[in-house]
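# coords below, sequence missing:
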């Protein structure tokens, strides 16, 4: 007799802060195409607009979770998810468009593969739906120096989706724009790191998942469309600060000790080069943001060092052996299949 597959429950949670316009645009389809095994929630980071009035008036079936302050992405989700009991969290940005059946392949993945702890769908550009989108494309990786990149996106070069990433596969990190993660794993690892506030907290979480012996997956049959930059714009200096600092934080927390010291030294040098590039591009605010990121990193180093003890750090690597910086900028490798 074939054993019947256990059905899992899913909590689709949209984090909101003063985002009524985005909710009006994208929440109707999330509700319309809701999977029967899912419950939809809007988690609100103490908005001062009429976001929640809109949800209450138009979608009474959507659960509302109230945070008492704007905690950003990391702590915002940590606080919001505390009382939920569904088996899998689906953390969906408020600027994500979904389509009919978008969760079917994801449900299949989690119900048939017990070692899948987190996963992302195929992330495409809302503004040009044949193109992969910057925030996660077809799944994320890091190089030997901890720099993140994606299948379908290396730095600012985006690929057209021509079916080249149409198979489910193991990846290093799954995008926070649409992140599925088992509740039990999320709780065991303590959720996102509050100190990250926003940006790269999903890479840190996925790194800890790998260090715990579980898998992060790309599920090609699930597709969503991401606007991107709705919270912090592409050239916002605050985003530069968070990206550079949080990348260094993740390295200290998760990389094997012997390699970590070497990588940090290389990163300090390469980040210095990037600071000069910002000046050459007439973006001095970003150079200053990078400098502040390093100051903040030095100040937080001891705290991150203590946190690395909370999760075992594996000696084997999960990163690509090439340097994505040298491959892309010196050897002109623009696409994932050239690495």
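Looks like it came in fine. Just so it is clear, the structure is predicted and the values come from calculations on it, not from any experiment.
# List of residues touching the worst-scoring helix or strand of the chain on mean pLDDT?
When each helix and strand of the chain is scored by mean pLDDT, DSSP states H and E, helix 324-329 comes last, with a mean of 86. Contact with helix 324-329 is made by 143, 145, 147, 149, 154, 155, 157, 270, 333, 334, 338, 339, as judged by Cβ atoms under 8 Å, 6 or more residues apart in numbering. Backbone N, C-alpha and C define where each C-beta goes, glycine included.
# farthest pair in those residues?
Pairwise distances across the contacts of helix 324-329 peak at 20.5 Å for 270 and 338 (criterion: Cβ to Cβ).
# about what we covered before: please compute how far the least confident helix or strand of the chain lies from its chain's middle.
Here helix 324-329 is found 22 Å from its chain centre; the criterion is Cα atoms, centre = their mean, to the nearest Å.
# could I get the contacts of helix 324-329 as TSV with secondary structure and pLDDT?
TSV is the format used below for these (DSSP: H, G, I helix; E, B strand; the rest coil; pLDDT from 0 to 100):
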residue	secondary structure	pLDDT
143	strand	92
145	coil	91
147	coil	91
149	strand	94
154	strand	94
155	coil	90
157	strand	94
270	helix	92
333	coil	89
334	coil	92
338	helix	88
339	coil	84
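# Using neighbour counts, trim these to the buried set.
With neighbours counted by 16 or more other Cβ atoms under 10 Å, the contacts of helix 324-329 contain buried members at 143, 145, 147, 149, 154, 333, 339.
# Between those, which sits nearest residue 96?
For the buried ones among the contacts of helix 324-329, the nearest to residue 96 is residue 149 (21.2 Å; Cβ to Cβ).
# Could you list which residues are in contact with that closest one?
140, 141, 142, 143, 155, 324, 336.
# Buried ones from these, can you make that a PyMOL selection?
Only the buried entries of the contacts of residue 149 go into this PyMOL selection, using 16+ other Cβ under 10 Å:
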select buried, resi 140+141+142+143+324+336
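# and residue 179, that one's in a strand?
Yes: judged by DSSP: H, G, I helix; E, B strand; the rest coil, residue 179 forms part of a strand.
# Residue 268 versus that one, what's the distance?
30 Å (Cβ to Cβ, to the nearest Å).
# Could you check which of the two has the larger neighbour count?
The residue with more neighbours, out of residue 179 and residue 268, is residue 179; 26 against 12, by other Cβ atoms under 10 Å.
# Can you tell me the SS state at the residue nearest to that one when sequence neighbours are not counted?
Counting by Cβ to Cβ, 6 or more residues apart in numbering, residue 91 is the residue found nearest to residue 179 once chain neighbours are left out, at 4.6 Å. Under three-state DSSP, the three-state class of residue 91 is strand.
# For residue 91, list the residues it contacts.
Residue 91 touches 13, 15, 77, 176, 178, 179, 180, 181, counting by Cβ under 8 Å, 6+ apart.
# Identify the bridge partners of the residue lying closest to the last one once chain neighbours are set aside.
Of all residues beyond its chain neighbours, the one nearest residue 181 is residue 118 (4.3 Å), with distances taken as Cβ to Cβ, 6+ apart. Using DSSP bridges, the beta-bridge partners of residue 118 come out as residue 181, residue 216.
# related to what we said a few turns ago, what does the model give the residue nearest to residue 179 for pLDDT?
pLDDT for residue 91: 98.
# Could you check how far it is from residue 333?
Distance from residue 91 to residue 333, by Cβ to Cβ: 32 Å.
# Check which helix or strand residue 205 maps to.
helix 201-211 (DSSP states H and E).
# who touches that helix?
73-74, 117-118, 140, 142, 148, 172-176, 179, 181, 185-186, 189, 191-193, 196, 215-216, 246-247, 249-250, 253-254, 311-314, 318.
# show me what contacts residue 287?
Contacts of residue 287 (Cβ under 8 Å, 6+ apart): 275, 276, 278, 279.
# what about the last one, how many neighbours?
Residue crowding around residue 279 was assessed by other Cβ under 10 Å; the count is 12.
# Appreciated, that's everything.
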